[in-house]
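>>> here you go, sequence then predicted model.
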Amino acid sequence: MAPASRIKEHWREQQLFNSRILVTVFLLLMLAMLVIVRLAQLQVLSYDYYSAASSGNQIRAEPIPPIRGLLLDRNGKVLAENKPSYQLEITPERVPDMQDTLDQLVAARILAAEDLGELRELLASRRSFETLVIAEHLSDEELAAFAVRRPHFPGLEVRARLGRSYPWGEAAAHVLGYVGSLSADDKRELDPVEYAGTTHVGKSAAERSFESELHGTSGHEDVVVNAHGRKMRVLKRVRPLPGQDVILTIDLDAQLAASSALVGRRGAVVAIDPDTGEVLAFTSTPGYDPNAISAGLSRRAYLALQEDIDRPLFNRALRGQYPPGSTIKPIVGLAGLHFGVITPQKRVYCGGAYSLPGSSHRYRDWKPEGHGSVGLYESIEQSCDVYFYGLARELGIERMGGFMREFGLGASTGIDMEGEQSGVVPSAAWKKKAFKRREAQVWFPGETVIAGIGQGYMLTTPLQLAHAAATIAARGKRFKPHLLKGARDPATGTIEYQAPKPLPAVDEQDALHWDAIIEGMHGVMQGPRGTARAVGSRAAFAIAGKSGTAQVFSVAQGQKYKASEVDERRRDHALFIAFAPLDAPRIAVAVVIENGESGSKVAAPIALDVINAYLKPAPAT
Amino acid sequence: MSNPLLNISTESRSRVEQNLLARVLRALHLDGPLLIGILGVLLFSLLALYSAEGQQIRELLDQVVRMLLAFAALLFMAQINPVWLRRGAPFIYALGLLLLILVLATGEIGKGAQRWLDIGIRFQPSEIMKLGVPLLLCWLLHERALPPSPGVVAMVIILTFLPAGMIAVQPDLGTAILIVLSGAVVIFLAGLGWRYIVAATALAAAAMPALWMVMHDYQRKRVLTLLDPESDPLGAGYHIIQSKIAIGSGGVFGKGWLNGTQGQLEFLPERHTDFIFAVIGEEFGLFGALFLLAIYLFIVGRGLYIAANAPDTFSRLLAGTLSTTFFFYVFVNTAMVMGLIPVVGVPLPLVSAGGTSMVTLMACFGILMSIHTHRKLVAR
């Protein structure tokens, strides 16, 4: 049956069509049922699941960083504060012509032409509604330049941000430290929730030590966001709690006196209140500008700081280790009294040199012609080396070293600042550990002799020296040196003070023994032949001190040390410890001047300046 | 004092108006029930679009303009006697095929796909084929005895797959599939023997692996993410996950108009076009979705009624095919949005924003109305 010969049977075709329509209706209803069942499955059976998924989609908590607490000195003077700094922000989607805008910013000298490439890359990597900082720390000139062109810059915004500011700059840099952007390490250590919105964290010294007090508590905003993360509206705002103001034990006047006295020198000054262990001044020079570091240094500028031969980033007060030199003599003298090796009255003849029995090696006195007959008082006052050479030999390194350790030497003081060095108080056991070669491990009697005048292996930090001076001033009572005096709640103003933490006292009960060495130290400053009497005579109060000189390199036997012939950086370090007033000491100071040559001439005046600044005596008439 | 001449009772006035309305509809060759259904869906569309487009009245007005344009197309098609349509069918098909070739040669690239032709207004030739293929097939089958002979079936297959293949390589798999489906509907309604249907279904199933081979990467990805959308929650699976969340979180009564967070907060991609059904499900809930589905079924039902009452084979097949494919559009879109079938990029008929598909659909409804209102003028 060919198609052409087939006759259309209209009625049958209609019937066929109608039956197919019925089948179609049935099929369509099946499909409709499928849709209905799926709808019911999603909207009725799984409603709870999808409802939860939907609310999780839209609400996001955005952190609000708290305002960092202030750093104050013991009298409430501001040492570190938060100051607005201005930054230029761009919202790309609101900028009609990015190229033109960037060109104009370069023309206005707000952006540097060479930064444009990097900036474009950054812009390309962000979403168009995300705000991006394109210039930080705008100067007044840049602000003005932007302000007059403002109408030409849609999508650009100047925003004030709180940046850390240190009004005293370098003068307090090493005690306050600085803040910096959170590093990957910081992020591992810090609570990610608390620091979610925080950009800067304390990096060193007080800023780091008291980070938890200063930081405060983050607030947050519950914002409704869309799928692109764009903020649509704010649902709830939990205000951040500002950080506590940290009151340091530092006395700004003493601190400034110390740092101005150290200008142009490499050295450190630490002053401590003997009654509490409070650190009154803490300086290391050269310093750095904490404002610049906190604002963010360029890599090159930071490298320059790091590679500076004077090591401005090095905290000498905390980490610098120097032989104490003669400043150790009062403690050696006290050890002699304590162990009954000497009495205050015992006299020794000083002929300018000391030799061990059976040895021809001459341990020279700093005064080649000798001091003649000296007792304990004179040997401290005039810093007779021969007296202490003999005393050290009689004490022996173990007894002498043990007694020094009671003053906190050779161990960390435990100050509330990270990175403290412990110094060295040598002993036979120490030497065995410190040296690898067997023949170097032997303790020689001569090493005990020079330890008596603070030379040889012995090392102390300026902080340890100040602590030791404070311990002498307090006649053996010891307190852990600390910088934290209290924390002030910025909302209520209530201050929570930190109680002094006593340390084990020096085991020496005899007041006469203390009197003897303190009298000697008084003689140094104000005795008829005291090494620092030129400085002590200027003091308006009774004062005790002890000078010291630490060899940077040893002078060969028979040679004479001549400062003028020695390269500046190989000259002796100058040291000085002091405390005042004599009868009721309120401040103990240690000064170390690298390559300063003379403790009594260079370091002693600095110590007096700091003491004067703290005690504020009536001007001498 | 009342004038008795002006004292017409309310009842009779309403009857006059009713008659007036009926007269207007008849004069314009419009079908009342179908029109009511269409207007219902369009109204629903405006509500949903206003919400999905972020309450932008401008965008909404654009859509209203497109609706008016589409309505003009309906009005125009309704005036054309199906006889003329039948005679014009081969030319429409040929024009569509020509334009498809043109698109493949010069077409503009939109969203990585080559399917637009810029002739003053941007225009998708594949839309013409949605109508062109059924027209041609119905024209082909009109003169022939039904059920169709194997030779005719072969011709139908060729004439269907030629444009469908060209559309598939654009690539617009969704439209291609719908065109093949419309061809299948024509031949099914024409009375193709069940043996053929079973054989074709088996063949289609066997051809699946071959289809997989020719699919573009993004198309394969869509199929794979359908099976496990969670495997790629921020990539290809994102559409499905977000639209399922939108619909599911709507619950029975919905979150309320303009309160759908998924849509309002832009979690839903393409929420005013292909994924508008998710906005409806979210804001109007199960009730709203079922209501829309009911109107769709009403429209399809009316269309099939028109088909059953059509005077000749051409009209019958055409009306049945257009109505059935219309429902397929609804099904493909809703099933895709609910994660039942892969994302193929088919808009929700009459609801999704966009002009071309609406103009085509409304033209189809114009044809349906024409078939219904011209039936007495056609010789039996």
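Everything's here; your move.
>>> show me the residue sitting in the middle of chain A in space.
A:Ala205 (1.6 Å; Cα atoms, centre = their mean).
>>> now it: closest residue in space that isn't a chain neighbour?
A:Gly177 (3.0 Å; Cβ to Cβ, 6 or more residues apart in numbering or on different chains). (C-beta placed from N, C-alpha, C; glycine too.)
>>> for A:Glu142, same thing?
A:Ile110 (5.2 Å).
>>> help me confirm that A:Leu116 comes into contact with A:Val106.
Yes - in terms of Cβ atoms under 8 Å, A:Leu116 counts as a neighbour of A:Val106; the distance is 6.9 Å.
>>> ranges for the strands of the stretch 51-200 of chain B?
Counting by DSSP state E, counting those that start in this stretch, the segments of the stretch 51-200 of chain B that form strands are B:108-110, B:113-119, B:121-123.
>>> which intervals of the stretch 1-150 of chain A have sub-threshold pLDDT?
Scanning the stretch 1-150 of chain A for pLDDT under 70 picks out A:1-8, A:57-61, A:126-130.
>>> correction: the stretch 51-200 of chain B
B:106-123.
>>> mind listing what's buried along stretch A:79-92?
For stretch A:79-92, the neighbour count (16 or more other Cβ atoms under 10 Å in any protein chain shown) marks A:Leu79, A:Ala80, A:Glu81, A:Asn82, A:Ser85, A:Tyr86, A:Gln87, A:Leu88, A:Glu89, A:Ile90, A:Thr91, A:Pro92 as buried.
>>> can you tell me which of those residues end up in helices?
Using DSSP state H, no member of those sits in helices.
>>> count the neighbours of B:Gly345 for me.
21 (other Cβ atoms under 10 Å in any protein chain shown).
>>> nearest residue to it other than its sequence neighbours?
B:Gly174 (4.6 Å).
>>> correct me if wrong: that neighbour contacts B:Pro347.
No - using Cβ under 8 Å, B:Gly174 makes no contact with B:Pro347, being 9.1 Å away.
>>> so who does the residue nearest to the centre of chain A touch?
A:His174, A:Val175, A:Leu176, A:Gly177, A:Tyr178, A:Asn315, A:Met417 (Cβ atoms under 8 Å, 6 or more residues apart in numbering or on different chains).
>>> distance-wise, check the fifth one relative to chain B.
Distance from A:Tyr178 to chain B, counting by Cβ to the nearest Cβ, to the nearest Å: 40 Å.
>>> that residue is in contact with A:Lys203, isn't it?
Yes - taking contacts as Cβ under 8 Å, A:Tyr178 lies within contact range of A:Lys203: 5.6 Å.
>>> more neighbours: these two, which one.
Using other Cβ under 10 Å as the criterion, A:Tyr178 and A:Lys203 rank with A:Tyr178 on top: 26 against 19.
>>> who's in contact with the more buried one?
A:Arg164, A:Tyr166, A:Gly202, A:Lys203, A:Ser204, A:Ala205, A:Glu207, A:Pro290, A:Ile293, A:Ser294.
>>> so of these, which ones are in strands?
Among the contacts of A:Tyr178, the residues falling in strands (DSSP state E) are A:Arg164, A:Gly202.
>>> closest to A:Gly333 among the contacts of A:Tyr178?
Closest approach between the contacts of A:Tyr178 and A:Gly333, by Cβ to Cβ: A:Ala205, at 34.8 Å.
>>> from A:Gly336, how far out is A:Arg478?
Going from A:Arg478 to A:Gly336 by Cβ to Cβ, to the nearest Å gives 21 Å.
>>> equivalent analysis for B:Leu181, please.
111 Å.
>>> pLDDT (mean, whole number) over stretch A:274-282?
Stretch A:274-282 shows a mean pLDDT of 96 in the predicted model.
>>> where do the helices sit along the stretch 51-200 of chain B?
Taking DSSP state H, counting those that start in this stretch as the criterion, the stretch 51-200 of chain B carries its helices at B:57-79, B:82-106, B:125-142, B:150-168, B:173-189, B:194-214.
>>> what comes up buried for stretch B:188-199?
Quick answer for stretch B:188-199 (16+ other Cβ under 10 Å): B:Phe188, B:Leu189, B:Ala190, B:Gly191, B:Leu192, B:Tyr196.
>>> ok, back up a step: is it correct that the residue nearest to A:Ala205 is in contact with A:Phe210?
No - in this structure, A:Gly177 is not within contact of A:Phe210 by Cβ under 8 Å, at 9.6 Å.
>>> near chain A, which of the buried residues of stretch B:188-199 show up?
B:Phe188, B:Leu189, B:Ala190, B:Gly191 (Cβ under 8 Å from any Cβ of the partner chain).
>>> the top strand by length along chain A: what's the following helix or strand?
For chain A, the strand with the greatest residue count under DSSP E is strand A:78-90. The element immediately downstream of strand A:78-90 (helix or strand, assigned by DSSP states H and E) is helix A:98-107.
>>> now what about that following helix, what contacts it?
Helix A:98-107 is contacted by residues A:88, A:90, A:92, A:95, A:111-113, A:116, A:119-120, A:123, A:134-135, A:149, A:152-153, A:155-156 when judged by Cβ under 8 Å, 6+ apart.
>>> following element in sequence after that helix, please.
helix A:116-125.
>>> residue contacts, residue 31?
Looking at chain A here, since you left the chain open. Applying Cβ under 8 Å, 6+ apart, the residues near A:Leu31 are B:Phe327, B:Phe331.
>>> not quite, I wanted chain B
Here B:Asp31 is in contact with B:Leu25, B:Arg302, B:Ile306, B:Leu368, B:Met369, B:His372, B:Thr373 (criterion: Cβ under 8 Å, 6+ apart).
>>> now do stretch B:306-316, average pLDDT.
91.
>>> do stretch B:217-237 as well
66.
>>> pull the CA atoms of stretch B:240-249 into PDB?
C-alpha atoms of stretch B:240-249 as PDB (Å, rounded to 0.1, in the frame of the first residue of the first chain):
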ATOM      1  CA  ILE B 240      21.400  23.600  42.200                       C
ATOM      2  CA  ILE B 241      22.300  23.800  45.900                       C
ATOM      3  CA  GLN B 242      21.200  27.400  46.200                       C
ATOM      4  CA  SER B 243      17.900  26.900  44.300                       C
ATOM      5  CA  LYS B 244      17.100  23.900  46.400                       C
ATOM      6  CA  ILE B 245      17.800  25.800  49.500                       C
ATOM      7  CA  ALA B 246      15.600  28.600  48.200                       C
ATOM      8  CA  ILE B 247      12.600  26.400  47.400                       C
ATOM      9  CA  GLY B 248      13.000  24.200  50.500                       C
ATOM     10  CA  SER B 249      13.300  27.100  52.900                       C
END
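>>> and it, does that touch chain A?
Yes - using Cβ under 8 Å from any Cβ, stretch B:240-249 reaches chain A at B:Gln242, B:Lys244, B:Ile245, B:Ala246, B:Ile247, B:Gly248, B:Ser249.
>>> between those residues, which is nearest chain A?
Proximity of the residues of stretch B:240-249 next to chain A to chain A was ranked by Cβ to the nearest Cβ; the top entry is B:Gly248 with 2.6 Å.
>>> what about the residue nearest to the closest one when sequence neighbours are not counted, how many residues nearby?
Spatial nearest neighbour of B:Gly248, excluding adjacent residues (Cβ to Cβ, 6+ apart): A:Tyr50 at 2.6 Å. When counting by other Cβ under 10 Å, one arrives at 21 neighbours for A:Tyr50.
>>> now do the phi/psi pair for A:Tyr50.
Backbone torsions for A:Tyr50, taken as degrees, to the nearest 10, come to phi -70, psi -30.
>>> quick one: residues contacting it.
A:Leu42, B:Lys244, B:Ile245, B:Ile247, B:Gly248, B:Ser249.
>>> dump these into JSON lines; add neighbour count, secondary structure and distance to A:Pro323 as well.
Below are the contacts of A:Tyr50 laid out as JSON lines (neighbours: other Cβ atoms under 10 Å in any protein chain shown; DSSP: H, G, I helix; E, B strand; the rest coil; distance: Cβ to Cβ, whole Å):
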{"residue": "A:Leu42", "neighbour count": "26", "secondary structure": "helix", "distance to A:Pro323": "82"}
{"residue": "B:Lys244", "neighbour count": "23", "secondary structure": "helix", "distance to A:Pro323": "77"}
{"residue": "B:Ile245", "neighbour count": "27", "secondary structure": "helix", "distance to A:Pro323": "73"}
{"residue": "B:Ile247", "neighbour count": "34", "secondary structure": "helix", "distance to A:Pro323": "81"}
{"residue": "B:Gly248", "neighbour count": "28", "secondary structure": "helix", "distance to A:Pro323": "78"}
{"residue": "B:Ser249", "neighbour count": "28", "secondary structure": "helix", "distance to A:Pro323": "76"}
